[in-house]
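Undergrad: Predicted model, plus sequence, below.
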Amino acid sequence: MSTTAELLKGAAELFPDEVVTSAHVRHLDLPFGAGRFALITLDNGFDHTKPTTFGPQSLANLNAAIDQVEQEAAAGTIVGAGLTGKPFIFAVGADLKGVELLKKHDEALAIGKGGHDVFKRLSALAVPTFAYYNGAAMGGGVEVGLHCTYRTVSKAIPAFSLPEVFLGLVPGWGGCAILPNLIGAERAVSVIIENSLNQNRQLKGKQVFELGIADAIFEGADFLEQSLLWTANVLNGTTEVVRAEVDRGEAWDAAVAKGRFIADSKVHGAAPAAYRALDIIAAAKDGDLQAGFDAEDQALADLIMGGELRSGIYAFNLVQKRAKRPAGAPDKSLARPVTKVGVVGAGLMASQLALLFLRRLEVPVVLTDIDQERVDKGVGYVHAEIQKLLGKGRINQDKANRLTALVSGVLDKAEGFADADFIIEAVFEEMSVKQKVFAEVEAVAPAHAILATNTSSLSVSEMASKLQHPERVVGFHFFNPVAILPLLEIVRGEQTDDASLATAFGVAKKLKKTAVLTKDAPAFVVNRILTRFMGEIQNVIDEGTPVATAEKAIEPLGLPMSPLVLLELVGPAIGLHVSETLNRSFPERFTVSPNLKRVVEAGKRGFYVYDSGAPELDPEVAALLVQGDSVLTEEQVRDRVLDAVAQEIGLMLEEGVVAEAQDIDLCLITGAGWPFHLGGITPYLDREGVSERVNGKKFLAPGIASVPA
């Protein structure tokens, strides 16, 4: 047994639930008399929608297949070897289910070394090797192909990436070392750092080819056949593969510097993965691949045992698994069909909702408002967005015509809603206004219709309290921009029945939203936490801490934007309104900033101006601020803010606002864009000791977002 096989056999015991990938070798005679060829196909035996991954046993299977091919190559019975995947899926990298179970540094090191030892055998064979990226390829799935001599890619590939930095790792099976030596440091930094830190942006097949990762590109329908024809021509010398020369001078150093700037702007030094990857890319400039592989092994082991990866895997599992099985959702068989949707209001939010319902449900959608001008503007917005989709090729003309015909606007609610199954209001955030709207809707809507509110902070139960049938009222809180942010907080009022709730969850699924069930509590989840978070920032500014210090104090969290930039995005008036709502409910914890009031009353849209291209405190805002003389350091500000957030989350869990801390994190990731490397917020609070300092205990059990006990 080879050393690699022994290593993988030992590592396999650490992955008890591995979904094993097989590596089948078959032989074929290439056309044009090119000779006999060995083709390895990766397949985990599941249906074609299930991804193929690499755990220790899967790597061992590939290693055994390479043993066979190596013998044939040495004997001269084959002229080349290829690697491909099952239909539509090439391979999507390491088995993360097993990685999160690792407890020791040497175990993690063995996984990195095992992958390298197997993959680099492909480049060491006595014959040329070819990777045929026939479908989705990510992480180790991309890297195994990088070890081959040549690569082809399908035009139909929907997703191709090295997402490790996004999760808190580095591309650890050759990506950091090989890719910059293949396509240059600038392009490699774009793939490994920039794309990962931009919410794991994926490449399409054409981009993979244009970047130089693949040497040829073919249509998806006959991809393998065309790849084999191309392979024959390469082996015959008919086709010559020419690659651009890699610039190993100042351009390489500039690319790494650019990568550090991108990492700083995204995570502010708070997450180590991007910087470890950049260190390896920087060192790879001399072309010493083995030194790069050794550095990848060490970085991979260090990061696997660190909190960032555990939080990243935790976040990944929340988004991929928990989001698909919402805690507390009623039996889906209770859901009623929705064949027509009504939208009360025709402003920007209402129009965005109408467009979303129209695109996802493809049923008639009708908007109403208080005058014809508003109605026409709302319908016009939807029509214009449909034309944009048509212009971008996202939909064809027939679908554009159909969607355009399905949306309409009326002034008379009785005319518009008499046969609607689901009616959502998006009017002014004032209880009396919403109660009036619901009373008018209930008077004309059919008895089975769901009445949904897009309120961001008001009580759903109070909103429904004056209706004859409050049991059909449900909170349906979207986040702006509606088309981009996945979260949908579904709020159960005191009298909301299971059928209404099940229908709401059924609609959410068709809308392709991440639905989280929340109790009818002030501001629900995201707005309550963000208001407490931002309220403490405003408090320390009001008390005397400079704005710049308060903002900089939060940078180590690596949030997508600073608190005051977020306030600008939300709108100071909306932020003030939510803080006033929460202040009425919890005056001992939620304050109303007098400085924020002044900013709103002055009609300012934020604290900053951008005349220089960077955010600078608006002199007019600075003149409005009235501050005390209590000045805190960055560390003191950060401790105070995190303590406040930990306290609020603890209270929310005690109140049963959501089922578990995992739902808090899922909401912050999908509704507020909090980064994967934090796992939302509770793993970070646990890791930094804040949870125990404030609440006397951690939010999560050992092993959930940390190294198992």
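TA: Arrived safely.
Undergrad: center of the chain - which residue?
TA: Nearest to the mean C-alpha position of the chain, by Cα atoms, centre = their mean, lies Gln199 at 5.2 Å.
Undergrad: Tell me the spacing between that one and Cys667.
TA: Note on Gln199: its distance to Cys667, by Cβ to Cβ, to the nearest Å, is 17 Å. Bear in mind the C-beta positions are built from the backbone N, C-alpha and C, glycine included.
Undergrad: try Asp106
TA: 37 Å.
Undergrad: Compare these two and say which is more crowded by neighbours.
TA: Between Asp106 and Cys667, counted using other Cβ atoms under 10 Å, Cys667 has the larger neighbour count: 28 against 9.
Undergrad: and that one, what is it in contact with?
TA: The contact partners of Cys667, by Cβ atoms under 8 Å, 6 or more residues apart in numbering, come to Leu487, Glu489, Val516, Val525, Val526, Val658, Gly680.
Undergrad: Please render the residues you listed as JSON lines that adds distance to Asp253, neighbour count and pLDDT to the earlier fields.
TA: Listed next are those as JSON lines, based on distance: Cβ to Cβ, whole Å; neighbours: other Cβ atoms under 10 Å; pLDDT from 0 to 100:
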{"residue": "Leu487", "distance to Asp253": "41", "neighbour count": "22", "pLDDT": "97"}
{"residue": "Glu489", "distance to Asp253": "47", "neighbour count": "28", "pLDDT": "98"}
{"residue": "Val516", "distance to Asp253": "45", "neighbour count": "30", "pLDDT": "98"}
{"residue": "Val525", "distance to Asp253": "45", "neighbour count": "26", "pLDDT": "97"}
{"residue": "Val526", "distance to Asp253": "41", "neighbour count": "23", "pLDDT": "95"}
{"residue": "Val658", "distance to Asp253": "48", "neighbour count": "25", "pLDDT": "97"}
{"residue": "Gly680", "distance to Asp253": "36", "neighbour count": "29", "pLDDT": "92"}
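Undergrad: What about those, which are in strands?
TA: Among the contacts of Cys667, the members found in strands (DSSP state E) are Leu487, Glu489, Val516.
Undergrad: mind putting those in a markdown table, distance to Leu162 included?
TA: Putting the ones in strands among the contacts of Cys667 into a markdown table (distance: Cβ to Cβ, whole Å) gives the following:
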| residue | distance to Leu162 |
| --- | --- |
| Leu487 | 27 |
| Glu489 | 33 |
| Val516 | 30 |
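Undergrad: quick check, nearest of the residues you listed to Gln352?
TA: Closest approach between those and Gln352, by Cβ to Cβ: Leu487, at 14.4 Å.
Undergrad: Do I have it right that that closest one meets Leu511?
TA: No. Using Cβ atoms under 8 Å, Leu487 is not in contact with Leu511; the gap is 11.4 Å.
Undergrad: so where's this structure uncertain?
TA: Residues of the chain meeting the criterion pLDDT under 70: 1-3, 7, 10-14, 46-49.
Undergrad: Tell me which residues of stretch 187-204 come out buried.
TA: By 16 or more other Cβ atoms under 10 Å, the buried positions in stretch 187-204 come out as 187-197, 200, 203-204.
Undergrad: likewise stretch 344-359?
TA: For stretch 344-359, a neighbour-count test (16+ other Cβ under 10 Å) marks 344-347, 349-359 as buried.
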